[in-house]
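**Q** fold the following, please.
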Amino acid sequence: MDLRAPVCVVGAGQTGILVAAKLRELGFERVDVFEARPRIGGYCETATVAGEVYDFQAHLVIQQDFGEGFAGTAIHGLLERHPVEMQTEALYFVGRSRSGKPRMGVPPHFVPLFAASTPEQVADQIAEAWTIIEGAVRDRRGPGMSGLAFDRRAGETWETYRARHAPLVGEVLQGLTLYANMRRPRQPAESVININAHISGHVSQLAKMMLSAYPGQREALLKRLPDSLVAQMNSTGPVTLSFRRGFIDLLRRIVEDNRIEVMVDAPVTRIEPLGAEGVRVGYRRAGVACAALYSQVVVTTRPTQIREMFPGGEIRELFDERNCPRAWTRSYLIRVGSELIAFPHGVDDPEPLGFWVIDPYGSYTDTDPEQALHRITAANKQHPGPYWVCFSNSDRSVSDARAWELAKESLFLFEDPELIAETIAEWPAYPSAAAMGEGWLDRVEAMQGRDGIYFAGEILSGPTIECISSFVQEAIPQWFGLGNPRFRNAPRR
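**A** Model (predicted):
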């Protein structure tokens with residue numbers, strides 16, 4: 001194979017665009033990207049109101065304090081290569097007080113754990129969770145490329161994981177990997193998700209909450225925490241960054257900088273390996289059935305689309321509904337008159353932008369059937385002004401009207417929110433606990449490159465841009481790099 005051989009990337013979401021960019025960087029001359037929708041971005045949606053762009057499905061670069069400039073992260077390198085206008089945000093946990101009003105504080109699912117432990121036990125368990133995370137980051141342990149498995153045992157569910165750890169340790173690590181609406185409606189937190197971008201900042205915030213809960217013992221508790229955790233707690237770096245002109249602005253910049261050709265309105269209908277001839281990709285263009293031959297194909301779409309492209313065989317079985325159940329999320333753009341809680345901001349700062357996590361990690365999901373059908377889990381303000389974006393777990397059986405009725409009940413930050421726009425999309429599916437226990441990730445990894453077909457995307461890397469970009473930076477050179485034996489004698493440009 002040589003670098004002039006055509007390569008196909010299926011999907012122009014964030015994974016597909018980053019894969020195509022990396023292939024171009026490696027020297028591949030022809031990289032064709034097929035996108036079923038009329039624009040790039042995949043499931044990321046945008047709305048423009050009053051001259052400002054609001055993101056649905058993609059918003060924050062990161063929820064972690066990596067230090068100055070996010071040094072050492074994949075997103076840092078990505079933004080250096082493709083600079084776009086960014087803005088700083090803050091992250092807050094919000095819950096209801098006994099009077100029913102919103103208040104900032106410890107996430108509600110941590111309250112009983114704090115209450116059942118001494119301050120020293122809380123500090124020691126936070127320190128233990130931090131140490132486990134640091135070891136996982138250092139050793140790059142994981143169930144898939146770049147994914148952190150912490151110290152999880154093969155085939156283990158979160159329920160058994162938590163049973164063999166101190167309560168707060170299990171909750172911290174579960175909260176890091178199963179955040180917001182990654183739970184499927186009406187199901188317990190069962191899947192092990194290899195998120196590697198929501199880690200240190202979350203723990204440092206939790207440690208700060210602990211210190212605020214026990215102000216009289218602050219100095220003694222600080223001495224029980226690892227120096228690296230204390231250093232991060234004292235960092236002045238931003239907790240989050242977001243895209244001032246929208247997430248798709250970054251993808252467009254990457255496409256332009258790498259001279260990537262994306263064929264939109266071109267859904268891939270079938271992928272068929274032909275042995276030494278290559279891989280035939282069938283697609284539709286302007287309603288006409290077309291086909292093209294490629295040396296290699298990288299599939300970045302969700303399991304639902306993969307099932308359509310591979311109607312039978314092992315690939316179809318691996319991404320079957322039984323192994324990768326579907327989940328949905330609705331997002332809303334709302335206008336509000338005022339918020340019911342004042343969030344802090346610096347002197348001379350404009351109105352603070354922020355990501356407010358409401359009763360985080362689906363605290364109602366397993367206990368309230370109605371809320372499990374549909375509830376708001378978080379709201380974010382992406383620009384100063386009265387508009388907010390909210391997102392939810394959801395269920396296709398719920399009508400739009402009923403979903404909004406339920407959503408308003410959990411939007412307790414606001415009085416009489418006005419609905420401006422809404423979207424519903426298939427949320428990133430993840431392998432079920434049963435599939436994980438049966439070695440699903442190992443089977444997918446063993447299949448990579450077979451017949452010239454590779455799989456990438458959120459189901460393997462996790463959904464954040466840091467997860468995806470770090471996965472692509474590591475996986476694509478392994479699969480396609482010139483160090484690969486199949487390319488040792490390949491002609492170069």
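
**Q** go ahead and confirm residue 381 touches residue 343.
**A** No - shown here, residue 381 and residue 343 do not form a contact pair, counting by Cβ atoms under 8 Å, at 9.0 Å. (Glycine included, C-beta is placed from N, CA and C.)

**Q** lowest-scoring secondary structure element of the chain by mean pLDDT?
**A** helix 369-373 (a mean of 61; mean pLDDT, DSSP states H and E).

**Q** just checking, what packs against the following helix or strand past it?
**A** Next in sequence after helix 369-373, counting helices and strands by DSSP states H and E, comes strand 375-381. Judged by 3 or more Cβ pairs under 8 Å, 6 or more residues apart in numbering; DSSP states H and E, the packing partners of strand 375-381 are strand 354-358, strand 387-393, helix 400-410.

**Q** output these in JSON lines; the columns should cover distance to residue 9.
**A** Shown next, in JSON lines, are the helices and strands packed on strand 375-381 (distance: least, Cβ to Cβ, whole Å):
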{"stretch": "strand 354-358", "distance to residue 9": "31"}
{"stretch": "strand 387-393", "distance to residue 9": "27"}
{"stretch": "helix 400-410", "distance to residue 9": "34"}
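
**Q** what's the most buried one of the ones you listed?
**A** Ranked by mean neighbour count, these are led by strand 387-393 with a mean of 25 (mean count of other Cβ atoms under 10 Å).

**Q** export it as PDB, just CAs?
**A** These are the backbone C-alpha positions of strand 387-393, laid out as PDB (Å, rounded to 0.1, in the frame of the first residue of the first chain):
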ATOM      1  CA  TYR A 387     -30.500  32.500  26.800                       C
ATOM      2  CA  TRP A 388     -29.500  29.100  28.200                       C
ATOM      3  CA  VAL A 389     -29.000  25.700  26.700                       C
ATOM      4  CA  CYS A 390     -30.300  22.700  28.700                       C
ATOM      5  CA  PHE A 391     -29.900  19.000  28.000                       C
ATOM      6  CA  SER A 392     -31.500  15.900  29.300                       C
ATOM      7  CA  ASN A 393     -31.700  12.200  29.300                       C
END
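
**Q** hmm, back to that, between residue 381 and residue 343, who's got more neighbours?
**A** Shown here are residue 381 and residue 343; by other Cβ atoms under 10 Å, residue 381 has more neighbours (22 against 16).

**Q** from residue 475, how far off is that one?
**A** Relative to residue 475, residue 381 is positioned 35 Å away (Cβ to Cβ, to the nearest Å).

**Q** cool, and residue 3?
**A** According to Cβ to Cβ, residue 3 stands 18 Å off from residue 475.

**Q** neighbour count winner among these two?
**A** More neighbours surround residue 475 than the other of residue 3 and residue 475, with 23 against 18 (other Cβ under 10 Å).

**Q** assign that one to helix, strand or coil.
**A** Residue 475 falls in the helix class when you classify it by DSSP: H, G, I helix; E, B strand; the rest coil.

**Q** isn't it right next to residue 457, touching?
**A** No - Residue 475 lies out of contact with residue 457 (Cβ under 8 Å); the separation is 10.7 Å.

**Q** could you list the low-pLDDT ranges of the stretch 351-493 of the chain?
**A** Counting by pLDDT under 70, the stretch 351-493 of the chain shows low-confidence ranges at 359-372, 428-429, 433, 482-493.

**Q** separation between the residue positioned nearest the centre of the chain and residue 42?
**A** Most central in the chain under Cα atoms, centre = their mean is residue 463, positioned 2.4 Å from the mean C-alpha point. Distance of residue 463 to residue 42, given as Cβ to Cβ: 11 Å.

**Q** nearest to residue 168, of the helices and strands packed on strand 375-381?
**A** Proximity to residue 168 (Cβ to Cβ) singles out strand 354-358 among those, at 18.2 Å.

**Q** each with direction, which strands does the closest one pair with?
**A** With DSSP bridges as the test, strand 354-358 is paired with strand 86-96 (parallel), strand 375-381 (antiparallel).

**Q** looking at those strands, which is closest to residue 203?
**A** Among these, strand 86-96 comes nearest to residue 203, with 12.8 Å by Cβ to Cβ.

**Q** what number of residues lie near residue 292?
**A** Neighbour count of residue 292, defined by other Cβ under 10 Å: 14.

**Q** no, scratch that, I was asking about residue 290
**A** For residue 290, using other Cβ under 10 Å, the count is 13.

**Q** repeat for residue 298
**A** 30.

**Q** part of a strand, is it?
**A** Yes - assessed by three-state DSSP, residue 298 belongs to a strand.

**Q** does it touch residue 18 like I think?
**A** No - counting by Cβ under 8 Å, residue 18 is not a contact partner of residue 298; they are 10.6 Å apart.

**Q** name the helix or strand for residue 55, please.
**A** Counting by DSSP H and E, residue 55 is found in strand 52-56.
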